[in-house]
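J.: Okay, structure incoming, though there's no sequence with it:
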């Protein structure tokens with residue numbers, strides 16, 4: 001691609017503050033946000049790996065029913081594209097397309113939805129990753145799954161289309177390593193707690209590394225979800241904005257909260273934390289720190 005569009009990708013894990021991050025960047029002049037296209041392909045598109053279902057797989061049957069319910073609900077909306085036609089190949093074409101009236105194309109998604117299909121990654125992008133301490137991420141992830149699925153004992157027992165085998169962190173780490181070895185030896189990593197502790201410092205450093213103009217206007221925004229109307233996304237995301245109600249009600253980045261004591265967390269959360277800490281620590285060691293020279 002020979003255009004001058006600055007193409008930026010932010011990869012994360014559910015509940016890692018990535019949606020707050022793209023709401024913040026939605027107000028950058030000349031930016032186009034592309035939100036969770038791979039997520040919709042993962043659940044609803046032709047590349048989706050749906051459970052078998054049937055009498056021998058009751059949880060798979062429930063998952064398929066939830067997916068069908070959500071898809072039907074999404075079709076009631078007039079905005080957004082149809083998730084059922086979102087293949088990995090079509091997403092790559094969308095993200096590699098020219099956007100002549102834009103200066104920045106900023107994409108956000110979760111690594112677990114890519115299915116390891118790194119051959120489907122769009123070309124011409126600068127890659128970045130957002131991480132969050134597992135003690136904080138997995139309690140929030142568990143609550144999200146409870147709200148969607150209903151009661152369960154162990155989120156690791158849910159269908160893998162809903163909760164990934166690597167708890168999300170292995171999938172993110174694997175993608176990071178692929179990018180580092182094949183695309184960019186120094187992809188940018190930011191930690192959500194660092195962002196909350198010093199929004200101006202982290203945002204200005206991130207912008208400097210990714211080629212995005214920084215302004216203090218990024219530190220606050222209007223409450224509400226109207227900004228989503230400007231995003232490149234599918235009908236499914238527009239039908240599920242309630243999952244991000246806290247983000248859309250916000251007007252800026254809040255203060256960081258203390259790290260919960262591991263023993264105080266549910267057993268399945270503890271297991272996910274233990275599994276994920278090595279991946280988190282490896283990524284955390286490589287994270288950016290605030291450079292006040294950028295302010």
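T.: Structure's in. What do you need? Only a predicted model underlies this, so the values are computations on that prediction, with no experimental measurement involved.

J.: buried sites along the longest helix along the chain?
T.: Counting by DSSP state H, the longest helix found in the chain is helix 267-285. Neighbour-count burial for helix 267-285 flags 268-273, 275-277, 279-280, 283-284 (criterion: 16 or more other C-beta atoms under 10 Å). Where you see a C-beta, it was placed from the backbone N, CA and C, and this is true even at glycine.

J.: Put together TSV for the residues you listed, with distance to residue 152 on each row.
T.: TSV is the format used below for the buried residues of helix 267-285 (distance: C-beta to C-beta, whole Å):
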residue	distance to residue 152
268	9
269	12
270	16
271	14
272	13
273	17
275	18
276	19
277	23
279	24
280	24
283	28
284	29
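
J.: Redo those as CSV? Include pLDDT and distance to residue 121.
T.: Listed next are the buried residues of helix 267-285 as CSV, based on pLDDT from 0 to 100; distance: C-beta to C-beta, whole Å:
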residue, pLDDT, distance to residue 121
268, 98, 31
269, 98, 31
270, 99, 33
271, 99, 31
272, 99, 26
273, 99, 29
275, 99, 25
276, 99, 23
277, 99, 27
279, 99, 20
280, 99, 23
283, 98, 18
284, 98, 24
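
J.: quick one: which of the residues you listed is nearest residue 44?
T.: Lowest distance from residue 44 to those (C-beta to C-beta) belongs to residue 272, with 25.5 Å.

J.: ok now do the closest one, which residues does it touch?
T.: Contacts for residue 272 were tallied using C-beta atoms under 8 Å, 6 or more residues apart in numbering; they are 134, 138, 141, 155-156, 167.

J.: Same question for residue 137.
T.: Residue 137 neighbours (C-beta under 8 Å, 6+ apart): 13, 15-16.

J.: Could you check what's spatially nearest to residue 260, not counting adjacent residues?
T.: In space, residue 260 comes closest to residue 135 once its chain neighbours are excluded; the distance is 4.9 Å by C-beta to C-beta, 6 or more residues apart in numbering.

J.: helix/strand/coil for the one you found?
T.: Classification of residue 135 by DSSP: H, G, I helix; E, B strand; the rest coil places it in helix.

J.: just wondering, since we're on it, how far is it from residue 272?
T.: Separation of residue 135 from residue 272 (C-beta to C-beta, to the nearest Å): 10 Å.

J.: What of residue 280?
T.: As for residue 280, its distance to residue 272 is 11 Å (criterion: C-beta to C-beta).

J.: what do these two both touch?
T.: With C-beta under 8 Å, 6+ apart as the test, residue 280 and residue 272 both reach residue 134.

J.: out of the contacts of residue 272, who's nearest residue 28?
T.: In terms of C-beta to C-beta, no member of those lies closer to residue 28 than residue 141, at 28.4 Å.

J.: Surely residue 179 forms part of a strand?
T.: No. Assignment of residue 179 by three-state DSSP gives helix, placing it outside any strand.

J.: Could you count how many residues lie near residue 182?
T.: 10 (other C-beta atoms under 10 Å).

J.: Now do the contacts for it.
T.: Contact partners of residue 182, counting by C-beta under 8 Å, 6+ apart, are residue 118.

J.: pLDDT at it, what is it?
T.: On pLDDT, residue 182 comes in at 97.

J.: Report the separation between it and residue 277.
T.: For residue 182, the distance to residue 277 equals 26 Å [C-beta to C-beta].

J.: out of the contacts of residue 137, which one sits closest to residue 85?
T.: When the contacts of residue 137 are compared for distance to residue 85 (C-beta to C-beta), residue 13 wins out at 26.1 Å.

J.: Count the neighbours of the residue nearest to that closest one when sequence neighbours are not counted for me.
T.: Using C-beta to C-beta, 6+ apart and skipping residues adjacent in sequence, the residue nearest residue 13 is residue 168, 3.9 Å away. Neighbourhood size, residue 168 [other C-beta under 10 Å]: 26.
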